[in-house]
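Colleague: Structure for the following, please:
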Amino acid sequence: MEVAAAIAAWAWTSACQSFSLHHPWWHGLCPRSVELHDLGPRLSAGARVYLPNSTEFPVLSARWSALKAPSPSAVVLPGTEEDVAEIVKYANEKHLPFLTYNGAHGALTSLGQMSHGIEINLAQLNEVEIAEEGRTATVGGGALSKTVIDKLWQSGKQTVTGTCECVSYLGPGLGGGHGWLQGYHGLIADQFVSMNVVLADGSLEKIDASSDLWWAMNGAGHNFGIVTSVETTIYDIEHHDWAIETLIFSGDKVEAVYQAANDHILKNGTQPSDVINWSYWLNVPQIDPHNPVIIFYIIQEGVKTVNPAYKEPFYGLGPLSAEPSRGSYTDLAAWTGIDIAAMPCQKLGHANPRFPIYLESYNIEAQRRVYDVFADAVRGSSPFNNSMFQFEGYPTQGVGTRSESAFAFRNSHLLVAPLINYLPDGSKRDREAADLGHHLRDILHKATGQEQLHAYVNYAYGSETSEQLYGEEKWRQDKLLHLKRKYDPEGKFSYYAPIAQI
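Modeller: Numbering: from 1, shown residues only. Next comes the predicted model:
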């Protein structure tokens, strides 16, 4: 096993250069007070350890959002699933916290509570193996959505994955996981057949629906273990053709655009399984130098052009531009600006907090109010002028047919979230961003008339309650708490959207 830099003390004073932990010089030249060298013989030959003075450390430990990011003292890349178990056992023996990394976009402020310890980076566990019978695939814990999509597509298969190519497959799935195909098949978590999971005590277990832990892992899984691989259901590709209409509107069309979406796509919760509505508000100075524009997508499966019944009502509103495209499922991320090469997939040192809320439909008056507040806050030279508002309108038929999981919000039709992007510049700016994000979400929540806010855990800011993330029903909270006390009584997994205190 190779080390990117050796250790002088747990305080990470640097002394040594890159070499093998089994190199005969280790004992003669390098201080041993940290005892990290004890980890080496316990791991496979493919495992890697990086310390802060290595060139790789800043890249491997970087987060997509720099706001209250965790601060690991070492990065370990396991080479096998068994390595993950050994790392957790080692961390427990040394009384060190640990946190798993496996992609991008996890931005909760609760992650910042990890101020030292071991980052377990699953990047090397990225295999995707299709079973011989072609009905399931085994996906490694570090595989990105793009990896899963491409491997399956090449074999004439597909499954529900996250929409953004740079997120991991499992990260979203442990929180439920929305995707383009959910109208047919349900959430990412609904595809899981079994999983290998490292528990808080370092044991590596294979679990399935016969385990009491299965319910929690499918919706609140970040609180209970590290999934090193999962067996998931896959499907034959039914339709190779997909089409999209990309329409851009000026801000004065907010009411008309979202009324059309309610009337012609959402249709009181009966949005067809083959149609998706998706939109952004963001500044595009070349189009409108004064206000954010509305970029509205209508996506349809199984066609070469979007059905006129869906697109013509929007054409009638007078868009600033309209562009039809045709292609396949593998084009969707690029069409919507979330492919692996796109700006939202880059780790640039920006803060990227989001403030999610589930909605049943677009409240037209609230859409206008929230647009005006957003536009005032992000126009011109505002430090938040690269922010955007996301509106994700997936079909939900497949989601509503499943119920045996910790994911609570199966009847919601829209996932909405302002994303406040800015360069960090002290606590005052952080507070301003948080105030803006909460205010925008509060406008939308008040318009629902519901007492409880419902928020998507994978987009959460970090201020949300356990009830807001996992459902307010008492039986849900009691069940989560019971399982937490059983499987993680010391709260080892408590950095990412923690459930109620144990």
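Colleague: Can you identify the element that follows the helix or strand encompassing I298 toward the C-terminus?
Modeller: Element membership for I298 (DSSP states H and E) is strand 293-301. Per DSSP H and E, the first helix or strand lying C-terminal to strand 293-301 is helix 308-315.
Colleague: need the helices for the stretch 151-300 of the chain, in chain order.
Modeller: Using DSSP state H, counting those that start in this stretch, the helices found in the stretch 151-300 of the chain span residues 170-174, 182-185, 213-220, 254-261.
Colleague: ok, and which of the ones you listed has the densest surroundings?
Modeller: Of all the helices of the stretch 151-300 of the chain, helix 170-174 has the most neighbours on average by mean count of other CB atoms under 10 Å, namely a mean of 31. Where you see a C-beta, it was placed from the backbone N, CA and C, and this is true even at glycine.
Colleague: residues in contact with that one?
Modeller: By CB atoms under 8 Å, 6 or more residues apart in numbering, the list of residues contacting helix 170-174 from outside reads 102-103, 105-106, 139, 141, 143, 145, 162, 178-179, 187-189, 191-192, 217-222, 227, 230, 458.
Colleague: quick one on the thing from earlier: closest to S427 out of the helices of the stretch 151-300 of the chain?
Modeller: S427 lies closest, by CB to CB, to one member of the helices of the stretch 151-300 of the chain: helix 170-174, at 28.0 Å.
Colleague: what is the rounded mean pLDDT of the closest one?
Modeller: For helix 170-174, the mean pLDDT works out to 96.
Colleague: so who does the closest residue to S273 other than its chain neighbours touch?
Modeller: Closest residue in space to S273, ignoring its immediate chain neighbours: G183 at 3.5 Å, by CB to CB, 6 or more residues apart in numbering. By CB under 8 Å, 6+ apart, the residues touching G183 are 271-274, 394-399.
Colleague: Just list what the longest helix belonging to the chain packs against, helices and strands only.
Modeller: Ranked by residue count, the top helix of the chain under DSSP state H comes out as helix 427-448. The contact analysis (3 or more CB pairs under 8 Å, 6 or more residues apart in numbering; DSSP states H and E) places helix 427-448 against strand 357-359, helix 364-378, strand 414-419.
Colleague: which of these is buried the deepest?
Modeller: The highest average neighbour count among the helices and strands packed on helix 427-448, using mean count of other CB under 10 Å, belongs to strand 414-419 at a mean of 24.
Colleague: contacting residues around that one?
Modeller: For strand 414-419, contacts defined as CB under 8 Å, 6+ apart pick out 178, 266, 352-362, 374, 387-394, 436-437, 440-441, 444, 456, 459.
Colleague: The nearest residue in space to G400 that is not next to it in sequence: neighbour count?
Modeller: In space, and not counting its chain neighbours, G400 is closest to R410: 5.2 Å by CB to CB, 6+ apart. As a burial measure, R410 scores 18 neighbours (other CB atoms under 10 Å).
Colleague: tell me the contacts of R410?
Modeller: 396, 399-400, 402-403.
Colleague: Tell me which other helices or strands the strand holding I298 touches.
Modeller: By 3+ CB pairs under 8 Å, 6+ apart, strand 293-301 packs against strand 242-249, helix 254-261, strand 275-282, helix 308-315, helix 332-335.
Colleague: rerun that using 6 Å as the cut-off
Modeller: For strand 293-301, the elements it packs on are strand 242-249, strand 275-282, judged by 3 or more CB pairs under 6 Å, 6 or more residues apart in numbering; DSSP states H and E.
Colleague: would you turn those strands into CSV with mean neighbour count, distance to S321 and mean pLDDT?
Modeller: Formatted as CSV, these follow (neighbours: other CB atoms under 10 Å; distance: least, CB to CB, whole Å; pLDDT from 0 to 100):
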stretch, mean neighbour count, distance to S321, mean pLDDT
strand 242-249, 22, 5, 98
strand 275-282, 23, 14, 97
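Colleague: distance of L39 from E472?
Modeller: With distances taken as CB to CB, to the nearest Å, L39 is found 42 Å from E472.
Colleague: Tell me which of these two has more neighbours.
Modeller: The neighbour comparison of L39 against E472 (other CB under 10 Å) goes to L39, with 25 against 15.
Colleague: how far away is the more buried one from D442?
Modeller: 47 Å.
Colleague: Ok, N291 next?
Modeller: Taking CB to CB, one finds N291 at 22 Å from D442.
Colleague: Which one's more surrounded, the two?
Modeller: Neighbour comparison, N291 and D442: the larger count goes to N291, with 20 against 14 (by other CB under 10 Å).
Colleague: confidence score at the more buried one?
Modeller: For N291, the predicted pLDDT is 97.
Colleague: Surely it and G251 touch.
Modeller: Yes - between N291 and G251 there is a contact at 4.5 Å, judged by CB atoms under 6 Å.
Colleague: end-to-end on stretch 111-121?
Modeller: 15 Å (CA to CA, to the nearest Å).
Colleague: just how off-centre is that stretch within its chain?
Modeller: From the chain centre to the centre of stretch 111-121 is a distance of 18 Å (CA atoms, centre = their mean, to the nearest Å).
Colleague: what number of residues lie near the residue lying closest to D339 once chain neighbours are set aside?
Modeller: Closest residue to D339 apart from its sequence neighbours, by CB to CB, 6+ apart: A333 at 4.1 Å. Neighbourhood size, A333 [other CB under 10 Å]: 25.
Colleague: Following the chain past the lowest-mean-pLDDT helix or strand in the chain, name the next helix or strand.
Modeller: Sorting the helices and strands of the chain by mean pLDDT, DSSP states H and E puts helix 25-29 at the bottom, at a mean of 27. Moving toward the C-terminus from helix 25-29, the next helix or strand (DSSP H and E) is strand 48-50.
Colleague: quick one, phi/psi of the nearest residue to G302 once chain neighbours are set aside?
Modeller: Sequence neighbours aside, H239 is the residue nearest to G302 in space, at 3.8 Å (criterion: CB to CB, 6+ apart). H239 adopts backbone torsions of phi -130, psi 120, taken as degrees, to the nearest 10.
Colleague: Please shift the residue numbers so they start at 220 in all later answers.
Modeller: Taking 220 as the first residue, the last one we looked at is H458.
Colleague: H458 touches E520, doesn't it?
Modeller: Yes - between H458 and E520 a contact is recorded at 5.2 Å, counting by CB under 6 Å.
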